[in-house]
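Q: next come a sequence and a model predicted from it.
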Amino acid sequence: MPSALCAGREVRRLPFSTGTVHVHKRDGYVCAVTLPARANGARRTMAVSVQARGNRPVTDTGWYTHHAGPVTVHAGRRCVRIEGRVGGGTVSSGWILC
């Protein structure tokens, strides 16, 4: 399903205890979406954030049943930081895709 939400090819998966952030890249754009580990249809807090170095993060946060995002930023050749959250579980990539 992440491929249907983000353009380009998947370049990273960031798994954590309650979900996974899928990261796609195409023509200098980076897209990320957070999916819960268990898709039981329950509404829960989810978030995804993408920040190109030198810019502010672009974030999607809310109470969702299926996914947070997609969030897309133009990174060019700059590093990006990806963060995701489902319930109490979180992940942060640090600076990647440099």
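A: That came through fine.
Q: let me see the ranges of the strands in this structure.
A: With strands called from DSSP state E, the chain shows them at 9-16, 19-26, 29-36, 44-52, 58-64, 68-74, 80-86, 89-96.
Q: mind putting the ones you listed in TSV, distance to Ser3 and mean neighbour count included?
A: Heads up, the C-betas are built off the backbone N, CA and C, glycines and all. Shown next, in TSV, are the strands of the chain (distance: least, C-beta to C-beta, whole Å; neighbours: other C-beta atoms under 10 Å):
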stretch	distance to Ser3	mean neighbour count
strand 9-16	7	14
strand 19-26	8	22
strand 29-36	10	25
strand 44-52	16	22
strand 58-64	18	14
strand 68-74	11	20
strand 80-86	17	23
strand 89-96	19	14
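Q: okay if I get those strands as TSV plus mean pLDDT?
A: TSV is the format used below for these (pLDDT from 0 to 100):
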stretch	mean pLDDT
strand 9-16	97
strand 19-26	97
strand 29-36	96
strand 44-52	97
strand 58-64	97
strand 68-74	97
strand 80-86	98
strand 89-96	97
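Q: enumerate every residue touching the residue nearest to Gly41 when sequence neighbours are not counted.
A: Leaving aside its sequence neighbours, Gly41 sits nearest to Thr65 (C-beta to C-beta, 6 or more residues apart in numbering; 5.4 Å). Applying C-beta atoms under 8 Å, 6 or more residues apart in numbering, we find Thr65 in contact with 41-44.
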